[in-house]
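Undergrad: fold the stuff below for me.
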Amino acid sequence: MTFTKPALSVEAQIDLLEKRGMTIPDRERAKHYLTHINYYRLRAYWLPFETVPLNGDTHAFIPGTNFETVLATYVFDRDLRLLLLDAIERIEISLRTTLAQYLATTYGPFAHDKPALFKQQEDWRKSQEELRKEYERSRETFAKHYRERYPELTTPPIWVACELMTLGHLSRWLKNLLKPEDRQHIADHYGLDERVLLSFAHHLTVVRNHCAHHGRVWNRRFALRFTPPTKKPKHIASAFNPGEPQLIYNTLTMLAYLLDLLSPAHTWRKEIHTLLKAHPEIDTATMGFPAHWRETNLWRMEA
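TA: Predicted coordinates:
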């Protein structure tokens, strides 16, 4: 098939949106935002308002669709990503610290160099190679110090190595530990079954990548879901929504639980409530929020 679509000016983009049924209350304002936000980036936020009329135009809008609602949804999603990154950063740093402390005190400073501690040897070799490359090219002061002070080392001690791991690398190191008791010891720091922690760490790598690359998360169905806790700890199991495991609500719920452990005085839960209150145009059901979510132990706000 030959590509025949012409490039459209911003004015022409606005005309097209109006032709398809979108209300544009302020053309100059719409022009400003379409100048700085790509048409196809915004399209992800008006896609839920599209319908298929009898004339076959697959891009027509439901009557009443307003550009301002689309823009507000875009802003909501951006603010949600920032809150997600804030929570994920704290959990990633905690996981690095817990893994390093446990392996160092149990198996020594170079536990990560011992293949017998890991299940899949090919995965271990790949992880080792990733770590070596990161160690060699890192410009962090601590990495330079170890390279200069201990030139014979191909990898640094585990407490340095963990600081060089991305969340994805960290997740793979955790998952590849051979002994279930090692994985469970780390998970015990978070009151979770090791299978739950490992699946959530893996899931977070996908969520974080979407956030870091400015991808939509608000109503996204994540292909990589995680295993929510059902027995351990019991008091949080009812807060999850088993009917919508691919939507962001369960992710937010697990993050709220972990932040309670890591930083009891955190305001993150309140910020989620505030964000949702500021955007009444957002249908929380499209994010997987159940009707009773505000009454659950994890989301209830004290008066």
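
Undergrad: okay, CA-based contacts and neighbour counts for the rest of this
TA: OK.

Undergrad: got any ranges where this structure has weak pLDDT?
TA: 53-58, 302-303 (pLDDT under 70).

Undergrad: ok, now which ones touch the residue most central in space within the chain?
TA: For the chain, residue 207 is the residue whose C-alpha lies nearest the centre (Cα atoms, centre = their mean; 2.3 Å). Residue 207 is in contact with residue 217, counting by Cα atoms under 8 Å, 6 or more residues apart in numbering.

Undergrad: what about it, which SS state?
TA: Here residue 207 is recorded as helix under DSSP: H, G, I helix; E, B strand; the rest coil.

Undergrad: please report how far it lies from residue 222.
TA: Using Cα to Cα, to the nearest Å, residue 207 is found at 8 Å from residue 222.

Undergrad: how about residue 150?
TA: Distance from residue 150 to residue 222, by Cα to Cα: 43 Å.

Undergrad: neighbour count winner among the two?
TA: Shown here are residue 150 and residue 222; by other Cα atoms under 10 Å, residue 222 has more neighbours (15 against 12).

Undergrad: helices along the stretch 101-250 of the chain, start to end?
TA: Taking DSSP state H, counting those that start in this stretch as the criterion, the stretch 101-250 of the chain carries its helices at 121-137, 141-149, 158-161, 167-175, 180-188, 194-212, 234-237, 248-262.

Undergrad: and those helices: which comes nearest residue 25?
TA: Closest approach to residue 25 among those (Cα to Cα): helix 194-212, 30.1 Å.

Undergrad: and that closest one, how far out from the chain middle?
TA: Distance, stretch centre to chain centre, for helix 194-212: 7 Å (Cα atoms, centre = their mean, to the nearest Å).

Undergrad: what's the answer for stretch 15-25, then?
TA: For stretch 15-25, the distance to the chain centre is 33 Å (Cα atoms, centre = their mean).

Undergrad: list the buried ones in it?
TA: 17-18, 20-24 (16 or more other Cα atoms under 10 Å).

Undergrad: same deal with stretch 117-124?
TA: Here stretch 117-124 shows 117-118, 124 as buried, counting by 16+ other Cα under 10 Å.

Undergrad: any idea how far residue 73 is from residue 36?
TA: From residue 73 to residue 36 the distance is 16 Å (Cα to Cα).

Undergrad: give me the more crowded residue out of the two.
TA: residue 73 (20 against 8).

Undergrad: the more buried one: what's it in contact with?
TA: Residue 73 sits next to 45, 279, 281-282 when contact means Cα under 8 Å, 6+ apart.

Undergrad: check which helix or strand it maps to.
TA: helix 67-107 (DSSP states H and E).

Undergrad: same for the helix or strand harbouring residue 40, what does it pack against?
TA: Take DSSP H and E as the rule and residue 40 turns out to sit in helix 39-46. Applying 3 or more Cα pairs under 8 Å, 6 or more residues apart in numbering; DSSP states H and E, we find helix 39-46 packed against helix 67-107.

Undergrad: got the angle for the helix it packs on vs helix 180-188?
TA: 130 degrees (axes from the mean of the first three to the mean of the last three Cα atoms, to 10 degrees).

Undergrad: could you number the chain from 19 rather than 1 from now on?
TA: Sure, I'll start counting at 19 from here, so that last one is helix 85-125.

Undergrad: and helix 85-125 with helix 266-280, angle?
TA: Interaxial angle, helix 85-125 versus helix 266-280 (the same axes, to 10 degrees): 50 degrees.

Undergrad: what's the burial count for residue 211?
TA: There are 21 residues near residue 211, going by other Cα under 10 Å.

Undergrad: do residue 268 as well
TA: 23.

Undergrad: next up, the contacts around it.
TA: 246, 258-259, 306.

Undergrad: make CSV from these and add neighbour count and distance to residue 97 to it.
TA: Putting these into CSV (neighbours: other Cα atoms under 10 Å; distance: Cα to Cα, whole Å) gives the following:
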residue, neighbour count, distance to residue 97
246, 25, 25
258, 24, 22
259, 18, 23
306, 25, 18
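
Undergrad: ok, those vs residue 78, which is closest?
TA: residue 306 (26.3 Å).

Undergrad: quick check: the gap between the closest one and residue 317.
TA: From residue 306 to residue 317 the distance is 14 Å (Cα to Cα).

Undergrad: next one: residue 146
TA: 40 Å.

Undergrad: next one: residue 189
TA: 27 Å.

Undergrad: looking at those two, which one has more neighbours?
TA: residue 189 (23 against 19).

Undergrad: okay, now residue 156: neighbour count?
TA: 14.

Undergrad: same question, residue 19
TA: 3.
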